[in-house]
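Engineer: Below is the sequence, then the predicted model.
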Amino acid sequence: MTYREFRRQTRLSQEEFCQEVLAAHRQEIKAKKEHTAVKNLELIFEATLKVSNQKGFQAMTMRDLSKASGLSIGALYDYFAGKEALLEMIQETGRRITRRVMGQAVTDAQTPPEKLASAIRAHIYLSEAMQPWFFFSYMEARHLGKVEKQRSKEAEMATERYISEVIKQGKRQGVFAPVDHQLTAAVIKGMLQDWYLKRWKYAKRRVSVDRYADFVVGLAQGYCRNGLGVAGVGEASDE
């Protein structure tokens, strides 16, 4: 699958992101008309990401957000109770979309090598389509409340578990070498994060998202099939 095919299949857009937010928070958001609510959520999220990128979410004030979004401070409170609620709203929606796309990618593929490739491509392509959200979520996770911070950690581990379970399945079927599935998944996760956290590096080298995805898939499948000597010995454990 290419990035273009992924976008055609998933049809992800900022509008659909905002429609998911509205559906999940319909009781709290005071705007009655869906079109107006979605349009204003788009303005709010776009302004939040822009201002946060310039000065950080913690330093952003409601006045900053009002100025950047073009909405009055009173209108902003029609959509969220405060900055913490706004942060949690953005984070929770992104995590839900990630879970759905990753889960679907693994379910649709047949063999462990195909599932591994699908999971890697789904994450890289999703982070390409939603790069501002992925970058924001990573950078601002430290400012979340205790409960949301724990959910953020669990979401991070969920991605690793998708990959780890596929590798375990491949080992049981004999198509993958006896590599450490947890450490391998953790290293693959690091490569996935590199794409949306260090875009400047790949842009400078003119590496396209499809080329990066092909490279990570090839590296991961090659290692899982053949192992790399002592690097494949032993098993990490969360226990």
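Structural biologist: Looks like it arrived, so ask away.

Engineer: quick one: least confident helix or strand in the chain?
Structural biologist: Every helix and strand in the chain was compared by mean pLDDT, DSSP states H and E; the lowest is helix 131-140, with a mean of 84.

Engineer: pLDDT weak spots in this protein?
Structural biologist: Scanning the chain for pLDDT under 70 picks out the ranges 228-239.

Engineer: residues near residue 139, how many?
Structural biologist: Using other CB atoms under 10 Å, residue 139 has 14 other residues around it. To be clear about C-beta, it is placed using only N, CA and C from the backbone, and glycine gets the same treatment.

Engineer: Going forward, the N-terminal residue is numbered 38.
Structural biologist: OK, 38 is where the count begins now, so the last one is residue 176.

Engineer: measure it to residue 209 for me?
Structural biologist: Distance, residue 176 to residue 209, using CB to CB, to the nearest Å: 38 Å.

Engineer: swap in residue 58?
Structural biologist: 40 Å.

Engineer: Of the two, which one has the most company?
Structural biologist: Using other CB under 10 Å as the criterion, residue 58 and residue 209 rank with residue 58 on top: 25 against 10.

Engineer: so which helix or strand takes in the closest residue to that one other than its chain neighbours?
Structural biologist: Nearest in space to residue 58, with sequence neighbours left out and distances taken as CB to CB, 6 or more residues apart in numbering, is residue 130 at 5.0 Å. Assigned by DSSP states H and E, residue 130 falls within helix 120-145.

Engineer: Please apply the same query to residue 262.
Structural biologist: helix 246-263.

Engineer: Residues contacting that helix from elsewhere in the structure, which ones?
Structural biologist: With CB atoms under 8 Å, 6 or more residues apart in numbering as the test, helix 246-263 has contacts from 39-40, 150, 153-154, 157-158, 161-162, 165, 204, 207, 212-214, 216, 221, 225, 228-229, 232, 239.

Engineer: ok and the longest helix along the chain relative to helix 246-263, angle-wise?
Structural biologist: Counting by DSSP state H, the longest helix found in the chain is helix 183-210. Helix 183-210 runs at 50 degrees relative to helix 246-263, counting by axes from the mean of the first three to the mean of the last three CA atoms, to 10 degrees.

Engineer: just checking, what packs against helix 183-210?
Structural biologist: For helix 183-210, the packing partners by 3 or more CB pairs under 8 Å, 6 or more residues apart in numbering; DSSP states H and E come out as helix 120-145, helix 149-166, helix 218-234.

Engineer: roughly how far is it from the heart of the chain?
Structural biologist: 13 Å (CA atoms, centre = their mean, to the nearest Å).

Engineer: Run the angle between that helix and helix 218-234 for me.
Structural biologist: Following the same axes, to 10 degrees, one obtains 120 degrees for the angle between helix 183-210 and helix 218-234.

Engineer: For helix 183-210, buried residues please.
Structural biologist: 185, 188-189, 192-193, 196-208 (16 or more other CB atoms under 10 Å).

Engineer: How about stretch 120-135?
Structural biologist: Buried-residue list, stretch 120-135, by 16+ other CB under 10 Å: 120, 123-132, 134-135.

Engineer: same deal with stretch 142-153?
Structural biologist: 142, 143, 146, 149, 150, 152, 153.
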